[in-house]
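K.L.:
Need coordinates for the below:
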Amino acid sequence: MAKLYFYYSSMNAGKSTTLLQSSFNYQERGMATMLWTAAIDDRYGHGRIASRIGLEQPAHLFDPQSDMFAAIAASHQATPLSCVLVDEAQFLTRTQVWQLAAVCDRLGVPVLCYGLRTDFQGELFDGSAHLLGLADALTEIKTVCDCGRKATMNLRVDGQGRAIRQGAQTEIGGNDRYVALCRRHFVEQMQG
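P.N.:
Prediction:
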């Protein structure tokens with residue numbers, strides 16, 4: 001039975017690196033994979049999944065209107081897929097999470113999703129909330145706070161490194177805009 005996996009973490013934990021390594025492992029054995037990433041995230045160019053350590057690979061783009069089941073089913077019919085990998089899974093919609101579950105259940109293809117659990121205010125992203133509820137397997141990818149404890153929160157910062165407490169849930173950025181912190185230091189920064 002194919003499973004729906006959700007690998008989640010705070011920023012800078014190596015989610016994209018792990019995804020790209022997983023895809024490589026399948027491809028090295030002659031197995032076809034299909035990679036997806038959010039159209040909204042163009043930090044590394046449209047249609048690319050890239051890691052901070054220099055790995056990258058082309059990917060299909062999804063936005064809120066994408067019918068992921070239909071696209072994956074068509075690709076699977078043309079070339080049988082061994083795995084589907086989704087980066088920036090926090091940007092999936094509820095419907096898309098159900099579509100990915102159907103890929104597992106109806107097509108028999110495992111789906112590995114990688115994304116943030118919460119936003120810069122500690123709120124669940126829609127895609128993450130539904131993956132936490134529907135995934136067959138949940139795995140936290142760990143990174144560390146400056147203090148050495150496990151980082152679980154994403155602090156949005158301005159150009160001077162000061163905490164930003166208000167704003168839109170989605171603002172694309174990397175180390176220049178976000179800092180991974182433990183809950184204690186996140187709360188201190190947000191109350192500061």
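K.L.:
How many residues are close by Val157?
P.N.:
17 (other CB atoms under 10 Å). Yep, even glycine has a C-beta here, placed from its N, CA and C like the rest.
K.L.:
Bridge partners for it, pull those for me.
P.N.:
Ala163 (DSSP bridges).
K.L.:
correct me, but it touches Ala163?
P.N.:
Yes - at 6.2 Å, Val157 counts as touching Ala163 under the criterion of CB atoms under 8 Å.
K.L.:
what ranges do the strands span in the protein?
P.N.:
4-9, 32-38, 48-50, 56-58, 60-62, 81-86, 111-116, 137-140, 153-156, 178-181 (DSSP state E).
K.L.:
pretty sure Pro120 contacts Leu181?
P.N.:
Quick fix: residue 120 is Phe, not Pro. No - Phe120 lies out of contact with Leu181 (CB under 8 Å); the separation is 10.7 Å.
K.L.:
Please enumerate the shared neighbours of the two.
P.N.:
154-155 (CB atoms under 8 Å, 6 or more residues apart in numbering).
K.L.:
in the longest helix anywhere in the chain, what counts as buried?
P.N.:
In the chain, assigned by DSSP state H, the helix with the most residues is helix 15-28. Of all the residues in helix 15-28, those buried under the rule 16 or more other CB atoms under 10 Å are 15-20, 22-23, 26.
K.L.:
quick one: Ala101 and Leu134 touch, right?
P.N.:
Yes - shown here, Ala101 and Leu134 form a contact pair, counting by CB under 8 Å, at 5.4 Å.
K.L.:
if you count what's nearby, which of the two comes out ahead?
P.N.:
Comparing Ala101 with Leu134 by other CB under 10 Å, the one with more neighbours is Ala101, at 20 against 15.
K.L.:
Identify the bridge partners of the spatially most central residue of the chain.
P.N.:
For the chain, Gly115 is the residue whose C-alpha lies nearest the centre (CA atoms, centre = their mean; 2.3 Å). On the basis of DSSP bridges, Gly115 is bridged to Tyr8.
K.L.:
Glu88 is in contact with that one, correct?
P.N.:
Yes - taking CB under 8 Å as the definition, Gly115 is a contact partner of Glu88 at 5.8 Å.
K.L.:
thinking again about what came up before, among the strands of the chain, which is the most enclosed?
P.N.:
Greatest average neighbour count among those goes to strand 111-116 (a mean of 26), per mean count of other CB atoms under 10 Å.
K.L.:
Using CSV, write down the CA coordinates of stretch 138-149.
P.N.:
Presented in CSV, the C-alpha positions along stretch 138-149 are these (Å, rounded to 0.1, in the frame of the first residue of the first chain):
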residue,chain,number,x,y,z
LEU,A,138,4.6,12.2,10.0
THR,A,139,8.3,12.9,10.5
GLU,A,140,9.9,16.0,12.0
ILE,A,141,13.2,17.1,10.4
LYS,A,142,15.1,18.7,13.2
THR,A,143,17.3,21.8,13.2
VAL,A,144,18.6,23.9,16.1
CYS,A,145,18.0,27.2,17.7
ASP,A,146,21.0,29.5,18.5
CYS,A,147,20.8,28.2,22.1
GLY,A,148,21.3,24.6,21.0
ARG,A,149,17.7,23.4,21.6
